[in-house]
Each structure stands twice: as structure tokens, then as C-alpha cells.
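Enquirer: Predicted model and sequence below, questions to follow.
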Amino acid sequence: MVVVIAAFAAAPVSKAAAGTVPTPQARAFAPVHDTPGELAYAFGEPLPGGSDRIGVFVRCRRSSGVLDAGLFFGVFPEGVPVQAAVHTAAGAVERFGPVVRLGPAHGFHDTHIVGRADVLRLLHVAFSEGALISNGHNSVWNRIPEAKNRAAREALAACAGVP
């Protein structure tokens with residue numbers, strides 16, 4: 001999976017509609033991780049002004065159909081509560097994982113999702129054109145064409161045995 005995460009492609013950034021900090025825009029999936037053992041799709045972008053990246057992956061283990069996913073948000077300020085969420089193009093908000101505050105045991109906000117229903121929910125909302133993946137501090141837009149998002153959703157669902 002490290003290969004998939006490290007392979008995130010860089011794309012131009014633009015100003016977010018609601019703020020002054022540039023919000024990265026993913027315009028393509030990272031190279032698909034497609035082996036006899038697993039299938040994974042990911043996208044992500046560098047955060048403006050730093051070396052951290054923000055993004056998401058969904059992986060399926062072919063032998064069992066087991067799914068897992070991860071959301072990566074980089075660093076966040078002390079005392080600011082953050083939680084992984086996806087804002088859909090239609091305006092719905094889906095939240096994932098616990099609310100986290102920076103303290104002695106924190107520094108980076110990464111959320112790993114293992115529950116099948118939660119991974120499928122993430123796949124449905126995050127792998128859609130116009131989705132905003134955010135933790136309330138760092139965000140990335142999914143600007144990947146819908147046909148490519150649909151192909152990723154369908155491939156991962158088929159691997160997992162979901163009709």
C-alpha cells in the first residue's frame with residue numbers, strides 16, 4: 001500500500017471557494033495497485049506550503065473480498081478538533097472515525113477504516129466527482145472525471161463481491 005500512497009500524482013491547485021488557503025484538486029487516480037493479491041485505488045495531492053499529502057485509498061484483498069480504506073490529512077494545529085469527512089457534490093456530509101485533538105500522542109491525522117459497511121460508504125461518497133475530502137483543517141477536491149470514479153467504484157465492489 002505504501003507504493004500506492006507514495007504514487008499520488010501532483011496537480012494544479014486553486015483557491016477554495018470558502019477560504020483563502022488553496023485547496024488541492026485531485027484530477028487523476030494514482031497508478032492503480034492491481035496484483036493477484038489485492039486491488040487498490042487512491043488519489044491525493046500535496047498540501048500547499050508543505051511536504052504533507054492529503055488523500056484517500058480503498059483496497060480489496062482478492063482472496064477474501066475484505067475491504068479497508070485510509071484517509072490522510074497531514075498535520076493539524078494543537079487544540080483544533082478534526083474528524084475525517086466527505087462532503088458530496090450534492091451537499092451531504094459523511095463522517096468517518098473519531099474526533100481527534102492534537103496532544104502529546106498526536107500530530108498527524110490519518111484515519112484507517114476496516115468496517116465493510118463504512119468502507120463501502122466511503123467508496124460511494126469519496127470516489128465521486130466533486131467530493132471534498134476534509135478533516136475541517138486540510139481538504140482535497142475529487143476532480144477526477146465521473147466515468148473514472150465509477151470505474152474505480154465498480155472494480156472495487158466487484159472485487160469485494162458487492163453486486
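Expert: Done, it's in.

Enquirer: use CA for all of it now, contacts and neighbours both
Expert: Noted.

Enquirer: List of residues touching stretch 76-87?
Expert: When contacts are defined by CA atoms under 8 Å, 6 or more residues apart in numbering, stretch 76-87 is touched by residues 71, 93-103, 107-109, 111, 122, 125-126, 131-138.

Enquirer: From these, which land in helices?
Expert: Of the contacts of stretch 76-87, the ones assigned to helices by DSSP state H are Leu122, Val125, Ala126.

Enquirer: Highest neighbour count among these?
Expert: For the ones in helices among the contacts of stretch 76-87, counting by other CA atoms under 10 Å, the largest number of neighbours falls to Ala126: 28 neighbours.

Enquirer: Which pLDDT value goes with it?
Expert: The pLDDT attached to Ala126 in the predicted structure is 98.

Enquirer: Ok, the one 4 residues further on next?
Expert: pLDDT, the model's per-residue confidence, is 98 for Gly130.

Enquirer: for Gly74, same thing?
Expert: Model confidence at Gly74, given as pLDDT, is 88.

Enquirer: what about it, distance to Val140?
Expert: Taken as CA to CA, to the nearest Å, the spacing of Gly74 relative to Val140 amounts to 12 Å.

Enquirer: Which of these two has more residues huddled nearby?
Expert: When Gly74 and Val140 are compared for neighbours, Val140 comes out ahead with 28 against 20, by other CA under 10 Å.

Enquirer: what sits against the more buried one?
Expert: Contacts were defined as CA under 8 Å, 6+ apart; by that measure Val140 touches Thr23, Pro24, Gln25, Ala26, Gly44, Glu45, Ile54, Gly55, Leu132, Ile133, Ser134.
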